[in-house]
Structures are given as structure tokens and as C-alpha cells.
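A.B. asks: For reference, the sequence and a predicted model appear below.
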Amino acid sequence: LICLAVFLIYAPSLFSGFVWLDHKQVEEGSLIARNYRELTEGFTSPLQSKRDTYYRPLVKASLSIDYQVFKLNPFGYHLSNILLHILNSLLIFLILVNLTSNQEIAFLATMLWATHPIGVFVVSWISARADLLFSLFLLFSFYCYLKFKENSSRFLFFYSLSGFIFSLMSKETAVVYPLLLMAYEMEPARAKGRLSLLPYFIITTLYLYLKIGVTQRLGSGVSLLYGQPRLVFFTMSAAILDYLKKIVFPINLSMSDAFIKFDYLNHVAAASLSGIALLFFVAFKKMRKDYLPLFFLLWFFILLIPASNILPAKHFRAERFIYLPMLGIIYFLTRLLYKDGLRKFFILAIALFCCINLIRQLDFKDDLKLFTRALKVEPQTKEAYEMLGLYYLERGQPQKAWGYYQLALKPESRYFSFVDTFGVYNNLGVISMRFNSLPKAIDYFKKALSIRDEALAHLNLYLCYKKLGDLPQAEKHLAIAINQDPGLAEKHSR
């Protein structure tokens, strides 16, 4: 029933196209290995380029398998995402059945999670494959760990460790998994056998050593806590309240990462901190009879640690960050509110989630719908302006693209909102070249290089200087481009 329901709910996504990063990662092939050598290189190099901070070899392997079967037909990639979500839903149901004697609560919580509209961001967006894979292997590892604790089977323990390794190879978020196991073992009745956690911490240490060796850094390169601990603490407190509201009332959902900054204790941060305190008060109060509400509350907060901006990522917050963590809140509330007389309430909630889910999937039909929706929800979403600029540039409307790129560069210090400034400046240079304004184009390409030293900007400078007849400068930038990316330079210099 779970499999059928999830498949039917997400079936419309099968007919969506490539959107956003799908164009680069799949269509342009930055995450596609076309032969065995490229596939093995994915295990010894960063995800997309030498400057990439991500090490996710199984994501590249997964998308490459899809490519071998479906080539550039988005139907197949969407099918893979849906099947992975179905597997995650089944594992959640098995875990909940194992943890609680009440199969009805397990079923209701699973269905609420599986149909929740927040999941659309991950399931309907091909480039969110990392979240699906990381969740699949982490859930598999946890299920095997639970069964291992029942019968002490070494095979199950080995499977659990293997699942954890695969989860780490899918997304670095899995590094907090040993803390999740610690939370599970905190129940007084499980005081014995905690030494079994040691291998998970050893694997985490080895993984971090490997990741730093491959990417040359631990995080994204942004200063710890953005260099402003108070700002991050109060803003993240408000972000958690926003996450909780969207789990309970999933409205105004979008790809927007824009979030207003708070560097003081205002009413939003205070409400969030008070709400968190209340949740833990209720969980501790019930702990004597039932430890699971506290464990699943910890599930939410522990799995949210990688997205808490202690080590900042590109996006301060995003709905996809709570794809797996939200299970904790959903189970907590289901367990708290479940009574025989409230079955109709849960069935109504699932039905409502399904309706909102279907509407939300329409946003992922194409880029225009996805990014205009984001700006409707939050006009400060700089990345949406950037992507709409690219959308119109690729469709031969450079003047309209220019306007969106200018909006993407508009200073806005009140919000966290990511934008690839290099890409914006580079494409403004491309538009200037089209209008034969070469000095202005050169200025934009140099601004792009001041953000990030990449072959594409050097190659564009080569084209500008070549048109101006400045051959020494042209040859200089061509040489740099060839050194940085021989394939790109050769392709465009023919």
C-alpha cells in the first residue's frame, strides 16, 4: 500500500523535464561518467571540478547508471528518484515497526512522511539525488543496527557499517549518524553494548581524512559560523521555527534559500527557542514511559546539525535539508496526538498532504515555473534572478536576461541568499559581447575572475582580445584556459 500510494502521488513528476542544476549535471554531463575510467576517478576526485568542496562518488555513479540506460530522457531519472523515495519510505516503516509495537502509528507516520510536500523538492528534482541516496543508506544502516541489537548477528553489524559508508559516499551529512546511534543508546535499558558504536566513529574519522585529502577542505571554504556566531545563532533559531512551521503547515513552499538575518533576540528567535524548550519538556516528561518521542526529537536536531551553518554551506537554509530530519517531528507529533478517535484526523492530514504535494510538483515542470514561484514566495531569492537571467539568455532574449542579472547583483545585506556572482558577471560579459561592447565585456570577465579563477572567463577574455586584435593578451588568456580546462578550451577555440 505504501509503495503504490507513493508511486501514484509522484507519478506526475515522471513527465517533468530537467530543471536548474540538472542542465549542468546531467545534460552537460558534469556528473556523468561515460566510461569506467571516469567512474573510478569519481572516487578519487571532488564531485564536479578540482575546486568543488563536495565528495559524493555514489551520486555520480548513480546518475551515470541512469545515463547508460536512459541517455538524456528525464523520465528515467525521475523514475529512479521515485523508486529511491519508495525504498526510503519502506525502510522508515520497517524501522518504526521495529521500534514500536503499534503498527498503525508506524503506518500513519510513514505515510505522513512519504507524502509530505517538502519531499517534492528532493523527489521531483533530479539533482537532489544525493539526499535520496544518503537517506537510503543511512536508513538501511539504522535498520540493520536495530536488528543486530536484537540477535547480535555479525552479518547485520557488517551490513550496518557498510550502509553507513555508502551513506557517507553519497553525502557528507551522514557524518552525524554516530550521534544518532548515541541518542538511540541513551535509553537506560540499553546501557550495555555501547562499545558497538566505536567502529562508526572510526569510520567517520577516516572519511573526514579522506574528504579533506580529496577536496583540500572540510567545509565550503566560508568562515566558521560566517565569522559571526551571534548572527548565526539567532538566525538559525528563526530558521528552525520556519522548518517546524512548514512541517506542520506545508504552505508557501519553494526552492528559495533567502532568509532574513537576525543578530539579536527578537520575537521570532524567542518563539523558536521557547518552542524547542517546550518540545523537549514534553519529550522528557514522557521519557519514563516511552523513550521514542525524545529519540525522534533528537533525530530531527541531530540530522539538522550539518545544515545548522556551523560549517556554512552555499545555502543558509533550504527545504530539502529537512527531507530526512522531518521524520523526527512527524513521528513525535503522531505519537503525541494518536488516539483511536483521531484516525480520521490523520487520514485527512495525509489526503491534504497529497493534494499539496501534487500542486507543488507543478513547480518542477520547467525552470520558468520553478524560479518565478520562488520569487513569488520570497522576492529576495538572488539565485532565482540569476537562473531566470540564464533562462532568457539561452532563449535569445539578452535584454531581459540583463535585467534579471542586475537584480541578482543588487546589494541586500538583510538576507542570506546565495548567488553565483562569478556566473552572473561572466554572463553579463557574454551579453556585452553580443552587443559588441567589448571593453564592457572585458570588465565583466575580469570581475568574474576576481570572484573565482576559472577557465571559462579566461576563454571569454581570449575571444574579446582576439576581436580587438590584441593577440598577446588573447594568447595569454587562452594559455591559462587550456591549462585549467583543456577540454573546454579546445572545444571553444576551434
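C.D. replies: Looks like it arrived, so ask away. Numbers count the residues shown, from 1 in each chain.

A.B. asks: hey, let's count contacts and neighbours off CA atoms from now on
C.D. replies: Fine.

A.B. asks: what ranges do the helices span in the stretch 201-350 of the chain?
C.D. replies: 229-248, 267-285, 292-304, 326-337, 343-361 (DSSP state H, counting those that start in this stretch).

A.B. asks: Mean pLDDT lowest where, among those?
C.D. replies: Mean pLDDT per stretch puts helix 267-285 lowest among the helices of the stretch 201-350 of the chain, at a mean of 88.

A.B. asks: residues making contact with it?
C.D. replies: 234, 235, 237, 238, 240, 241, 291, 293, 294, 297 (C-alpha atoms under 8 Å, 6 or more residues apart in numbering).

A.B. asks: Tabulate the helices of the stretch 201-350 of the chain (TSV), appending distance to residue 313.
C.D. replies: Putting the helices of the stretch 201-350 of the chain into TSV (distance: least, C-alpha to C-alpha, whole Å) gives the following:
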stretch	distance to residue 313
helix 229-248	12
helix 267-285	21
helix 292-304	13
helix 326-337	20
helix 343-361	25
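
A.B. asks: which residue packs closest to residue 169, ignoring adjacent ones?
C.D. replies: Leaving aside its chain neighbours, residue 169 sits nearest to residue 56 (5.1 Å; criterion: C-alpha to C-alpha, 6 or more residues apart in numbering).

A.B. asks: Under the pLDDT cut-off, which ranges of the stretch 301-450 of the chain? List them.
C.D. replies: By pLDDT under 70, the weakly predicted segments of the stretch 301-450 of the chain are 340-341.

A.B. asks: all strands of it, in order?
C.D. replies: All strands of the stretch 301-450 of the chain, identified by DSSP state E, counting those that start in this stretch, fall at 415-416.

A.B. asks: before we move on, the earlier item: which members of the contacts of helix 267-285 are the farthest-apart pair?
C.D. replies: Spatially, the most separated pair among these is 235 and 291, at 30.3 Å (C-alpha to C-alpha).

A.B. asks: ok, now how distant is the residue nearest to residue 169 from residue 92?
C.D. replies: 23 Å (C-alpha to C-alpha, to the nearest Å).

A.B. asks: check contacts around residue 292.
C.D. replies: Applying C-alpha under 8 Å, 6+ apart, we find residue 292 in contact with 99, 332.

A.B. asks: still on that earlier bit, more neighbours: which of residue 235 and residue 291?
C.D. replies: Each of residue 235 and residue 291 has its neighbours counted (other C-alpha atoms under 10 Å); residue 235 has more, 26 against 18.

A.B. asks: Residue 38: what secondary structure?
C.D. replies: helix (DSSP: H, G, I helix; E, B strand; the rest coil).

A.B. asks: burial measure for it, as a count.
C.D. replies: Every residue meeting other C-alpha under 10 Å relative to residue 38 is counted, giving 15.

A.B. asks: Can you check the pLDDT for it?
C.D. replies: Per-residue confidence (pLDDT) for residue 38: 84.

A.B. asks: What of the one 10 residues further on?
C.D. replies: On pLDDT, residue 48 comes in at 78.

A.B. asks: helix or strand for it, which one?
C.D. replies: Using DSSP states H and E, residue 48 sits in no helix or strand.

A.B. asks: of the contacts of helix 267-285, closest to residue 463?
C.D. replies: Using C-alpha to C-alpha, the shortest approach to residue 463 within the contacts of helix 267-285 belongs to residue 235, at 44.3 Å.

A.B. asks: how far away is the closest residue to that closest one other than its chain neighbours from residue 270?
C.D. replies: Nearest residue to residue 235 in three dimensions, chain neighbours excluded: residue 262, at 4.9 Å (C-alpha to C-alpha, 6+ apart). According to C-alpha to C-alpha, residue 262 stands 11 Å off from residue 270.

A.B. asks: One more: residue 487?
C.D. replies: As judged by C-alpha to C-alpha, residue 487 and residue 270 stand 53 Å apart.

A.B. asks: if you count what's nearby, which of those two comes out ahead?
C.D. replies: Remark: of residue 487 and residue 270, residue 270 carries more neighbours, 16 against 11, as counted by other C-alpha under 10 Å.

A.B. asks: Relative to residue 71, which of the helices of the stretch 201-350 of the chain is closest?
C.D. replies: Nearest to residue 71 among those is helix 343-361; the distance by C-alpha to C-alpha comes to 23.1 Å.

A.B. asks: helices or strands next to that closest one in the packing?
C.D. replies: Secondary-structure packing of helix 343-361 (3 or more C-alpha pairs under 8 Å, 6 or more residues apart in numbering; DSSP states H and E): helix 2-10, helix 103-115, helix 120-123.

A.B. asks: could you redo those helices as CSV and give each row mean neighbour count?
C.D. replies: Listed next are the helices and strands packed on helix 343-361 as CSV, based on neighbours: other C-alpha atoms under 10 Å:
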stretch, mean neighbour count
helix 2-10, 16
helix 103-115, 23
helix 120-123, 26
